[in-house]
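1. task: produce atomic coordinates for the following.
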Amino acid sequence: MSSTATRTELSVLKTLWQGERMSAREIHDALSAETGWSYSTTRTIITRMEEKGLLSRAEVHGVAVYTPALSRVTVLGAMARELARDVFDIKGALPASMFADSPHVTSDELAELDAILNAEETANKKEDGK
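-> Okay, the predicted model is just below:
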């Protein structure tokens, strides 16, 4: 399962993170003005996201509905970590405090984000006995 998402996938996740499970049609209707996607494009994106483990699918009264498989914090942490490590080659601890002013991240989520961002460093310290 990949916890990083593309910009396209983030559009879908942001819609679903608002708290309601949605059918593909509902997702499409919520995003079509912003994205300009055709319904078949929306379906393709949803299918790929389900395959990547970003979405969970359930059947409700014979209709497939989707929810995010990962929390906003998990996805944000993975993306921030990937950017810092793979693009900027930053080594060592990463500051979760850079997200402190975000209206989308609570103080509890900030602590969770810090753990996600610095999981590898914490594990390495434990292995080294520090």
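
2. list the helices and strands the longest helix seen in the chain packs on?
-> Using DSSP state H to define each element, the chain has its longest helix at helix 39-52. Counting contacts by 3 or more C-beta pairs under 8 Å, 6 or more residues apart in numbering; DSSP states H and E, helix 39-52 packs against helix 7-16, helix 24-35, strand 55-60. Every C-beta, even on glycine, is put in place using the N, C-alpha and C of the backbone.

3. tell me which of those sits most buried.
-> Ranked by mean neighbour count, the helices and strands packed on helix 39-52 are led by helix 7-16 with a mean of 18 (mean count of other C-beta atoms under 10 Å).

4. hang on, the earlier thing: which one of the helices and strands packed on helix 39-52 lies closest to A78?
-> Evaluated with C-beta to C-beta, the helices and strands packed on helix 39-52 place helix 7-16 nearest to A78, the distance being 11.7 Å.

5. sorry, back to before: buried residues in the longest helix of the chain?
-> Across helix 39-52, burial judged by 16 or more other C-beta atoms under 10 Å covers 42, 45-46, 49, 52.

6. got any ranges where this protein has weak pLDDT?
-> Along the chain, segments meeting pLDDT under 70 span 1-3, 120-130.

7. what strand or helix carries the residue minimising distance to the centre of it?
-> Residue closest to the average C-alpha location in the chain (C-alpha atoms, centre = their mean): V75, at 2.9 Å. Secondary structure from DSSP states H and E places V75 in helix 72-82.

8. show me how the protein divides into domains.
-> By the assignment in automatic domain parsing, the chain contains the domains 7-68, 72-128.
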